[in-house]
Structure formats: C-alpha cells, structure tokens
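J.: 3D model of this:
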Amino acid sequence: MSIEVISVKNLRFRYNSLDVLSEISFSLKTGDYIGLVGPNGSGKTTLLKVILGLVRPDEGEVRLFGQNSTDFTQWQKIGYLPQKPAALNPHFPVTVGEIIALGLLSRKKYPRHMNRSDEAAISSVLDLLDIRDIRDRLIGELSGGQQQRVFLARAIVNDPDLLILDEPSTALDPETRERFFALMGSLNKEKNMAIIIVTHDTGNIGRFASKLLYLDKKLLFFGSFEDFCGSTEITRLFGEFSQHVICHRHD
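T.: The predicted model follows:
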C-alpha cells in the first residue's frame, strides 16, 4: 500500500520580499522517483530546504509522513545529500568508514555505540556503492566522485524511506553518472524507497525516474514522463528542443 511521504500545498517562500517559490502543490508517495529539474535560480534547492524544515515557508503547508513538517521528529526516515556537504575540511583526519557511520547516529540514543548490526549495514553499503577498498582512506585523499559516493553511502546507510539528493551527479564522469542513476533506480524498485533528485542531466533522468517536476519559481509541470513527452501544451511552453532532450527522443 502506498503511503504519502510528502505533501506540499500552496507553498510560497519569499526572500527579501521577492517570491522565490509560489503556488507549489504536489505530493510524493512510497515508490515514487521524482526528477526535479528547472533552470538555474528556479528555486529547486530552496524547495528541498523547505521540505526538510531548514527554512520556513511564508505560506502553505508541508507534511512529512502525514505530519506537519514543523512537528516532524523522525528524521531518521529521511536521507539527504546536499550539493556540497557542509563543513567538509579535506585535512580533517576522518576515514570513509567513520563518515558513513555518522549516518547511523540518528537512530541511536545515548550512549551512542556501534554494534554488529551497524557494522553489517556499513559493510553492505560499501559493497552496494563499490567503495569497500577505500573504507580506511581519509576523505581528503579521495576524488570528487569518490567523495560523492561516500556521502551518498552516509545518506542511505540507515535505509531511509525517503531519499533527497541535490545535484548528486555533478562531480561524476558520464560512465559513473550512468551507474549512479541506475543504482538510484534499483534502490527505488527493490526497497520501494521514495526519491527526489535534483539534476541538470535532463537527457538521462527520464530513463530512470518515474515522474518529472519542472520548477521555475512556480510549478510548471508535475506528472509522468509519458504525459510530459506527449503533451502539445508542454511543447508550446518549453519548445520542441527542450522537450525532446528531456524525453531523450531522437528523430
């Protein structure tokens, strides 16, 4: 049975008296995989921050797992990978395994000790993302693509019901990016994990995500890729070229 994971109704967010987001309404259920796209400055990251309670909307309502976001406390249900992990000091002597272990802390009460099930979860996610060989390396020694996989591992190690990713593939080469999207598709299908992924890779996201949310300060489209690709109204709104790129069409 599908459960409503996110519900956004009549959302408005202002910054310096200017609308950054307005008239935003949509919902996300278990098993949904949403590609969130839009031009630079369209409010994509801001929308994620509002959903996660990092900033408060000026109007409207956000509900997480049926609860108002202001009252929500079960953050262990949500995995989040921001564009740039905050306060990453490349010289700080922390290993890959230690960073991933941080993703398990939200489940624990004091005193916070690792146990066998934690070690098994870390081992599983290392294998899943093919990074077991770098478990004991320092984070500052890794490439951008390797760091991205490590922080993704931290986001999913506690098996969240909702995964939110803000442009996670920017540091990845094309081949690794392809594998990354395929991995997200597997997590979505095998674990019924709800996913929102912000991406500029509009040519590939339609092959993996089930729905498209196109944002440009307002919600311009939300629905299946089939509806997006077959809509003449969308053609008039975005133009044939943009529509074809997103739909990955070839004449």
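
J.: Show me where the protein has its helices.
T.: Along the chain, counting by DSSP state H, helices occupy 44-51, 96-102, 116-128, 144-156, 174-191, 202-205, 225-230, 232-238, 240-247.

J.: Below-threshold pLDDT in the protein: ranges please.
T.: 1, 84-90, 106-112, 170-171, 248-251 (pLDDT under 70).

J.: Quick check: Ser143 vs Gly31, distance?
T.: Using CB to CB, to the nearest Å, one obtains 33 Å as the distance from Ser143 to Gly31. All C-beta atoms are positioned from the backbone trio N, CA, C, and that covers glycine.

J.: Neighbour count for these two, which is higher?
T.: Per other CB atoms under 10 Å, whichever of Ser143 and Gly31 has more neighbours is Gly31, with 16 against 12.

J.: Name the nearest residue to that one, sequence neighbours excluded.
T.: In space, not counting the residues next to it along the chain, Gly31 is nearest to Asn192; the distance is 5.0 Å by CB to CB, 6 or more residues apart in numbering.

J.: Report how many residues lie close to the one you found.
T.: 14.

J.: What of Ser210?
T.: Other residues within reach of Ser210 by the criterion other CB under 10 Å amount to 17.

J.: Same question for Glu141.
T.: 12.

J.: ok, now Asp127?
T.: Neighbour count of Asp127, defined by other CB under 10 Å: 10.

J.: wait, what's in contact with it?
T.: Residues in contact with Asp127 (CB atoms under 8 Å, 6 or more residues apart in numbering): none are found.

J.: How about Ile6?
T.: Applying CB under 8 Å, 6+ apart to Ile6 gives the contacts Phe26, Ser27, Leu28, Ile51, Val62, Arg63, Leu64, Leu162, Ala194, Ile196.
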